[in-house]
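> Just the structure for this:
(2 chains, ligands or ions: 2)
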Amino acid sequence: MSSKWTSRIIIGITLTFLIGPFLIIILAGLSAGDFMTFPPDGISLKWYLKVFTVESFRASFALSMFLAVFGTIAALILGIPAAYAISRYDIPYAETIKTIVAAPIIVPGIIVGLALLRYLVVPLGFTVTLALFLAHTALVLPYAVRVVSSSLNNLRGDMEEAAVLLGCSRIGAFMRVVLPNIQSGVLAAFILGFVTSFNQVPVSLFLSGPGVRTLPIDMLSYMEMTYDPSVAALSALLAFLSVIIVFVAEKFLGFSRYV
Amino acid sequence: MSNAFVSLQKLSLAYGSNIVVPELDLDIVEGELIALLGPSGCGKTTTMRAIAGLMAPQSGRIYIDGIDMTRMPANKRGIGLVFQSYALFPHLTTFENAAFGLRLKKLPQAEITQIVERGLRAVGLDRLADRKPAEMSGGQQQRLSLARSLVMQPKVLLLDEPLSNLDARLRLEMRAELQRVQKETGITMVFVTHDQSEALALADRIVLMNNGIIEQIGTPDELYGAPKTKFAADFFGFENIFEVEGNTIKGAAQSLPLGFESTSKYLAWRPGAIDVGVGNFSGIVRGSAFAGEQREYIIESKIGQVHAATPAADPSYKIGEEIVFDFPQDHSLPLAR
Ligand SMILES: Nc1ncnc2c1ncn2[C@@H]1O[C@H](COP(=O)(O)OP(=O)(O)OP(=O)(O)O)[C@@H](O)[C@H]1O
Ligand SMILES: [Mg+2]
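Ligands and ions are numbered 1, 2, ... in the order given. The predicted structure is shown next:
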């Protein structure tokens, strides 16, 4: 009995740590009062509704969406051929290339952000939006390469050779037989990249300029000015969005195989 | 050679610095069914890949139908290859797998349907046209792989162990099928196998490879009846190979007088050719196995291990028993190397 209870208690504590903050945020956002408190000061939906009326939230949400969607697509456009080349050809220094590709997630985000600011935005005059786009692409790239690589490794290389012998070019074989078979890996990489980009804080912090802020940064600065429960409500909404995306991905793609 | 349809000339194949095939010369006549036979790792698959264009040779030339194909890209050669691992397209149905090459040729749909249906019927897969490869047995996948290449009517069809994953009955059926298709279409075929009986049963000519070198080329009769090297003799069942000098037979430990004079360097006997029960040699039975028609013995003697076989009706020997035997002059195969 004791080991059974021990494991239940451990699971209980773990879940409390994981889900507890989430519940607190949801409830804090439901408050009827004017300040973020827990337990909530009465119950109302007004802060959840207010989120949609804050102008800066709208703008930063749009920017974050843009970065997450197009940054991830760009990362996939670069990452799929890279993963393919690494897995199929005897590339010199393949290990080194993999390490370099992984660098943006190994190097602390603050350093990446500072470096981009110091060497791209300031001296070269890149717009903040462009720098953000490049930064997010670079940050998602490692995930794209990794997830796509793992689904490529599950695919035998002789399939492409068979396609070539039936008349395909190398690129044709990639399009006709490789891509269709790594589809779900690519989608998984997209979702993972999307979520990574959307939640990104440290790099974006450095690259945010006047009027150009990603949603998490905007939420931070909003909180510095106003301590009302709308940020809690917004956080809860975003968390729901993530949960739905991951749930759908798991259900249709067996997402957890790739991560 | 003027009548060679496929001609490999001084072909050298390597993976990096690992030379797998040092120098290979081979001529294949149009419409021939060739068996590429040899032990695992001797370079059979490598040679096939070079002919197909999936691997560039270090040096040497490949001619097919009089055209120098050495630098021709694989997708322009018109050569079919049935992979050892099938290499089917998992996302496509049986029908679409078989139609893959025809679609690339941009044939009209009606023609594709007709050719594919005929091709699938020929390998007995017409009822599984809508299945995906993952939903088929190994043997069915192998047949689909064959059909996918056949419908393209390749100039040369290479088959890498095409029958290896079939059960005994299906294997015989597919053997017959392969032979029939080959005679009907007249497609020049090269198939890889390490099963000598399969090579003997199917091939017009057998190419026996060892360590990237061709040991012997010949008809099944020639290879079975008159192998020319120790390796070939051993491969085709001459299990007793001894060095001889004049009238002595040289064992590892000791030389003993042989009942006759020989001028060749080695002599070889099949187990069944060894005389048992009479003779000048003796040994101890170390192994005995009943094999239906005959009983097989492993005998330990002063010149080393001898493999003998006697008709099942003959009196049998037990393990540990002493046995006398002899090497007869007739049924001995002389070998120079
Ligand atoms: N991709 C590769 N890289 C390096 N060496 C290889 C590669 N493929 C094969 N080899 C080596 O080349 C030699 C010949 O291999 P090959 O696949 O041609 O043998 P095979 O005769 O087809 O054997 P099997 O009957 O087992 O299929 C082997 O020693 C093998 O280890
Ligand atoms: Mg092989």
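
> Go ahead and confirm B:Phe206 touches B:Asp221.
Let me fix one detail, which is that residue B:206 is Ile and not Phe. No - checked against CB atoms under 8 Å, the pair B:Ile206 and B:Asp221 is beyond contact range at 9.9 Å. From N, CA and C alone the C-beta is placed, and that goes for glycine too.

> residue ranges with poor pLDDT in chain A?
Where chain A drops to pLDDT under 70, the residues are A:1, A:253-259.

> shouldn't A:Met219 be in contact with A:Leu237?
No - with contact defined as CB under 8 Å, A:Met219 does not reach A:Leu237; the gap is 11.3 Å.

> For chain B, give me the ranges with low pLDDT.
Residue ranges of chain B with pLDDT under 70: B:1-2.

> For chain A, what's the nearest residue on it?
When CB to the nearest CB is the measure, chain B has its nearest residue to chain A at B:Gly101, with 3.5 Å between them.

> Name the nearest residue to that residue, ignoring sequence neighbours.
Distances taken as CB to CB, 6 or more residues apart in numbering or on different chains place A:Leu166 nearest to B:Gly101, at 3.5 Å, with adjacent residues excluded.

> One more: A:Ile43?
In space, A:Ile43 is closest to A:Leu30, 5.3 Å off (CB to CB, 6+ apart).

> Show me the domain layout of the chain.
By default, I'm working from chain A. As assigned by automatic domain parsing, chain A contains the domains A:1-44, A:55-257.

> if you could check chain B rather than the one you did, that'd help
Here the domain parsing of chain B from automatic domain parsing is B:6-230, B:237-335.

> Would you reformat those as JSON lines and include distance to A:Gly125?
Shown next, in JSON lines, are the domains of chain B (distance: least, CB to CB, whole Å):
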{"stretch": "domain B:6-230", "distance to A:Gly125": "46"}
{"stretch": "domain B:237-335", "distance to A:Gly125": "82"}
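
> Those into TSV, with extra columns for mean neighbour count and distance to A:Pro180?
Below are the domains of chain B laid out as TSV (neighbours: other CB atoms under 10 Å in any protein chain shown; distance: least, CB to CB, whole Å):
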stretch	mean neighbour count	distance to A:Pro180
domain B:6-230	19	4
domain B:237-335	16	48
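
> right, and the ones you listed - which one's nearest ligand 1?
Comparing these by their distance to ligand 1 (CB to the nearest ligand atom), the top pick is domain B:6-230, with 3.1 Å.

> And the helices in the stretch 201-337 of chain B, which stretches?
Taking DSSP state H, counting those that start in this stretch as the criterion, the stretch 201-337 of chain B carries its helices at B:220-225, B:230-235.

> these two touch, right, B:His194 and B:Gly41?
No - using CB under 8 Å, B:His194 is not in contact with B:Gly41, being 9.9 Å away.

> For the stretch 101-250 of chain A, what lies in contact range of chain B?
A:156, A:158-159, A:161-169, A:172, A:176-177, A:180-181 (CB under 8 Å from any CB of the partner chain).

> Recalculate using a threshold of 7 Å.
Along the stretch 101-250 of chain A, the residues adjacent to chain B under the rule CB under 7 Å from any CB of the partner chain are A:156, A:158-159, A:161-162, A:164-169, A:177, A:180-181.

> Neighbours of A:Phe17, how many?
Counted with other CB atoms under 10 Å in any protein chain shown, residues neighbouring A:Phe17 total 9.

> For the closest residue to B:Met72 other than its chain neighbours, what are phi and psi?
Excluding the flanking residues, the one nearest B:Met72 by CB to CB, 6+ apart is B:Gly53, at 6.3 Å. The phi and psi values for B:Gly53, taken as degrees, to the nearest 10, are phi 100, psi 10.
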